[in-house]
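Engineer: Generate coordinates for the sequence data below:
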Amino acid sequence: METGSHLTSYFILALAIGLFIASLWMRSSLKKEIRKKDEALRMKETEFNELRMLAAGVTHEINNAVTIVIGRADQLARKNDDPQQEKIFNSIKKGCDRIVTSVKGLRQFIYPDTREVETYIDLGKLIEDVMKLTGQRLRNHGIELRLRGVENKFVRGRISQLEQLLTNLLNQSVERLSDLPEKWVQLIAADEQGGLNIYYMDSSGDIGDKISHKQFSEILERNHGHLTVNQNNLVMELSKPAPEKFHI
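Structural biologist: Numbering: from 1, shown residues only. Below you'll find the predicted structure:
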């Protein structure tokens, strides 16, 4: 009887020691996993900062070149009496103005602040302006743009930042779709819960796994918005202006 009691005690002690050793091993494994994730996060942050610095240099060079083109076009337009050539110069200046707007959006992404004034934005006009810069590239790759529900929709935010967001999304879609047999991008706008949701998807499928969520989330958050990533689409939740502002 006493021997059985001793055996039970030894068994419980061995079990306790085994559980203690197992907990130490699990704790060590968990620490290693956390360290790996922290290192991966730091590496991504470093890469992201390097990208910001590169983008800062690129925007500076673009801005310089465009400023020269605008100045030269102004000089030629003033010296020219031919209406047809004046039309060409004005078209050049308008194209440069759109580039300047995109550069401003990129600079806002690199150096986030609130200096750009918020306004009430016509979504259809916003997409139209973005397509003036990206539409030709989509057409060159045979990509169809499908729009639903974007007419007579208004959002609140900063124009250059939201233009940059859509431009980046479309350019990334071009890269994904260039070698696919079926090529389309779809934007659906829907009023939901007092805001406006924009659903973005393309024919590559699984879009949520193929984009950099952080850059788009940051732009949306600075514009009172939120990004939800699903397997087959992105949902950009944006604020709508108050009803009395729709007349602008």
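Engineer: how does the chain divide up, domain by domain?
Structural biologist: Per the record, the chain has its domains at 1-111, 119-245, by automatic domain parsing.
Engineer: so can I have TSV of those showing mean pLDDT and mean neighbour count?
Structural biologist: In this view, the C-beta of every residue, glycine as well, is placed from N, C-alpha and C. Converted to TSV, the domains of the chain look like this (pLDDT from 0 to 100; neighbours: other C-beta atoms under 10 Å):
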stretch	mean pLDDT	mean neighbour count
domain 1-111	71	12
domain 119-245	84	17
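Engineer: For residue 158, give me phi and psi.
Structural biologist: The phi/psi pair for residue 158 (degrees, to the nearest 10) reads phi -110, psi 120.
Engineer: for the residue nearest the centre of the chain, what are its contacts?
Structural biologist: Of all residues in the chain, the one closest to the mean position by C-alpha atoms, centre = their mean is residue 216, 2.7 Å from it. Residues near residue 216 by C-beta atoms under 8 Å, 6 or more residues apart in numbering: 165, 168, 169, 227, 234, 236.
Engineer: now, among those, which is nearest to residue 152?
Structural biologist: Proximity of these to residue 152 (C-beta to C-beta) peaks at residue 236, which lies at 18.2 Å.
Engineer: show me where this structure has helices.
Structural biologist: 2-79, 83-110, 123-140, 159-177, 213-221 (DSSP state H).
Engineer: With distance to residue 190 added, can I get the ones you listed in TSV?
Structural biologist: Shown next, in TSV, are the helices of the chain (distance: least, C-beta to C-beta, whole Å):
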stretch	distance to residue 190
helix 2-79	32
helix 83-110	25
helix 123-140	11
helix 159-177	17
helix 213-221	16
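Engineer: Could you point out which of the ones you listed sits nearest residue 149?
Structural biologist: With C-beta to C-beta as the measure, helix 123-140 is the member of the helices of the chain nearest residue 149 (9.1 Å).
Engineer: So which elements touch the closest one?
Structural biologist: Applying 3 or more C-beta pairs under 8 Å, 6 or more residues apart in numbering; DSSP states H and E, we find helix 123-140 packed against helix 83-110, strand 144-148, helix 159-177, strand 184-192.
Engineer: pretty sure residue 141 is in contact with residue 174, am I right?
Structural biologist: Yes - using C-beta atoms under 8 Å, residue 141 is in contact with residue 174, at 5.6 Å.
Engineer: How about residue 147: which residues does it bridge to?
Structural biologist: Here residue 147 shows beta-bridge partners residue 187, assigned using DSSP bridges.
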